[in-house]
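J.: Structure here, sequence nowhere to be found:
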């Protein structure tokens, strides 16, 4: 079987309105993919930056085998904000594909959050918290996402090295 090895880090986040950010991430793949080693999900520490740019340096090291290129890995992100009272609330979602070419890649994943009704927004302002998706699978599945009302909230930087092995045996050539 062909193999993909991902080595890198969740570098940090910029342009988010709130400080105290952490990122819950996972790698989503299709049914033909098998994780041989490593963690396919994780949660960074919470960073309270002085300059508004969260820095995590959270490691990523995953080794996959696959029978095909359908369902190529993609990152699913949930960004969480922790306030001065220790309460956590959702700050945004993001999704981006892992590059399919070998080498080191700097990925900038644009994040968004759902916009609720006027009463949801008023409750979020006075009480805290915010609107969350009932089904987090919508983050990586474009099928029903077009119906969502959302707003951009910031960007997450990911650095990942992609190592490919034995794809040419199956007629797949990456340039």
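T.: Received, thanks. All values derive from a computational prediction rather than experimental measurement.
J.: any idea how far residue 42 is from the nearest residue in space to residue 38 that is not next to it in sequence?
T.: Leaving out its chain neighbours, the residue that sits closest to residue 38 by CB to CB, 6 or more residues apart in numbering is residue 62, at 3.7 Å. For the C-beta atoms, the positions are set from N, CA and C on the backbone; glycine is no exception. According to CB to CB, to the nearest Å, residue 62 and residue 42 sit 10 Å apart.
J.: quick one: contacts of stretch 155-164?
T.: 2-15, 23, 60, 75, 77, 79, 94, 96, 98-111, 174 (CB atoms under 8 Å, 6 or more residues apart in numbering).
J.: And for residue 60, the neighbour number?
T.: Using other CB atoms under 10 Å, the number of residues around residue 60 comes to 21.
J.: now swap in residue 79 and tell me
T.: The number of residues packed near residue 79 is 26, by other CB under 10 Å.
J.: Show me what it is bridged to.
T.: As for beta bridges, residue 79 partners with residue 23, residue 92 under DSSP bridges.
J.: got a list of what it touches?
T.: With CB under 8 Å, 6+ apart, residue 79 has these contacts: 13, 16, 21-24, 90-94, 111, 153-154, 156.
J.: what comes up buried for the longest strand belonging to the chain?
T.: The residue-count maximum for a strand in the chain (DSSP state E) belongs to strand 150-165. For strand 150-165, a neighbour-count test (16 or more other CB atoms under 10 Å) marks 153, 154, 155, 156, 157, 158, 160, 161, 162, 164 as buried.
J.: Stretch 82-95 too?
T.: Buried, per 16+ other CB under 10 Å, within stretch 82-95: 82, 89, 90, 91, 92, 93, 94, 95.
J.: of these, closest to residue 31?
T.: Proximity to residue 31 was ranked across the buried residues of stretch 82-95 by CB to CB; first place goes to residue 95, at 18.6 Å.
J.: Go ahead and confirm that closest one touches residue 76.
T.: Yes - between residue 95 and residue 76 there is a contact under CB atoms under 8 Å: 5.5 Å.
J.: And the pLDDT at the residue nearest in space to the middle of the chain?
T.: In the chain, the centroid-proximal residue (CA atoms, centre = their mean) is residue 77; its distance is 2.7 Å. What the model reports for residue 77 is a pLDDT of 96.
J.: One more: residue 91?
T.: Looking at residue 91, the pLDDT reads 88.
J.: So among the contacts of residue 79, where is pLDDT lowest?
T.: residue 90 (85).
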